[in-house]
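Asker: Quick one: sequence plus predicted model below, questions after.
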Amino acid sequence: MKCLVVVAHPVADSLCHTLAHAAIEALGAAGHEVAIEDLCQSGFAPALTAAERQSYYRPPYDASAIEPQIARLLAAEALVLVFPTWWFGFPAVLKGWFDRVWAPGVAYDHADDYGPIRPRLHDLKRTLAVTSLGAPWWVDRFVLRQPVKKVLKTALLGTCAPNCRFEMVSLHRAERLTPPQVDLACQRVRRALARWR
């Protein structure tokens with residue numbers, strides 16, 4: 001498959017980058033075609049421009065500043081997102097990637113009456129989200145009710161790529177992980193990707 005790996009962490013030797021490298025190696029070893037979108041390293045600007053926002057409802061969407069990112073998303077049959085969960089949400093750069101790249105005319109179309117949107121990412125078949133959290137698992141699951149997973153599965157993929165199979169690997173108490181635990185986390189990522197055909 002054509003796979004897009006999106007990494008959203010500013011520190012090059014972070015846990016997220018270690019996990020991203022494991023994903024990239026596993027995909028390459030399985031014969032998949034891999035494109036990498038390292039949002040922080042590339043200096044991706046997360047804020048919508050005025051022209052982009054104005055064209056959200058007055059098509060066509062102004063994609064002039066982000067054509068390469070849109071092309072990579074549209075070419076992808078599978079998506080791996082690797083990011084930290086901060087304050088039980090996406091880092092700003094990843095949220096901005098969704099805001100700017102998953103745009104009308106790209107990831108979806110507005111209904112004529114601004115009712116439910118119509119999906120456009122029909123070629124996207126698999127998504128794996130890999131995230132690190134400082135919180136324990138029970139706070140994410142029972143107190144906050146997994147907000148990041150809900151947004152990814154229901155709001156983004158559910159509306160823009162409804163035929164996409166979604167899986168998530170969450171690493172809780174990430175600051176406390178020992179090197180052997182990091183190795184086990186990388187193995188979890190590899191096992192998840194080994195099922196991709």
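Answerer: The structure has been received and is ready for your questions.
Asker: Specify the next element, helix or strand, located C-terminal of the lowest-mean-pLDDT helix or strand in the chain.
Answerer: None of the helices or strands of the chain scores lower by mean pLDDT, DSSP states H and E than helix 137-138, at a mean of 82. Downstream of helix 137-138, the first helix or strand assigned by DSSP states H and E is helix 147-150.
Asker: Pull out the buried positions in that next one.
Answerer: Going by neighbour count (16 or more other Cβ atoms under 10 Å), the buried part of helix 147-150 is V148, K149. Any C-beta I mention is one placed from the backbone N, CA and C, and that applies to glycine too.
Asker: by contact count, what packs against it?
Answerer: Under the contact definition 3 or more Cβ pairs under 8 Å, 6 or more residues apart in numbering; DSSP states H and E, helix 147-150 sits against strand 126-132.
Asker: Which of the three states applies to the most centrally placed residue in the chain?
Answerer: Nearest to the mean C-alpha position of the chain, by Cα atoms, centre = their mean, lies L81 at 3.5 Å. Following DSSP: H, G, I helix; E, B strand; the rest coil, the label given to L81 is strand.
Asker: Tell me what it is bridged to.
Answerer: Applying DSSP bridges to L81 gives these bridge partners: V6, A129.
Asker: What distance do you get for it to P179?
Answerer: Remark: distance between L81 and P179 (Cβ to Cβ, to the nearest Å) = 24 Å.
Asker: now swap in A29 and tell me
Answerer: Computed as Cβ to Cβ, the A29 to P179 distance reads 22 Å.
Asker: From the opening residue of stretch 24-41 to its closing one, how far?
Answerer: 16 Å (Cα to Cα, to the nearest Å).
Asker: That one: how far from the chain's middle?
Answerer: 13 Å (Cα atoms, centre = their mean, to the nearest Å).
Asker: which of the residues in it are buried?
Answerer: Buried residues in stretch 24-41, defined by neighbour count with 16+ other Cβ under 10 Å: I24, A26, L27, H32, V34, I36, E37, D38, L39, C40.
Asker: which one of those is nearest G89?
Answerer: Among the buried residues of stretch 24-41, L39 lies closest to G89 (Cβ to Cβ), at 15.4 Å.
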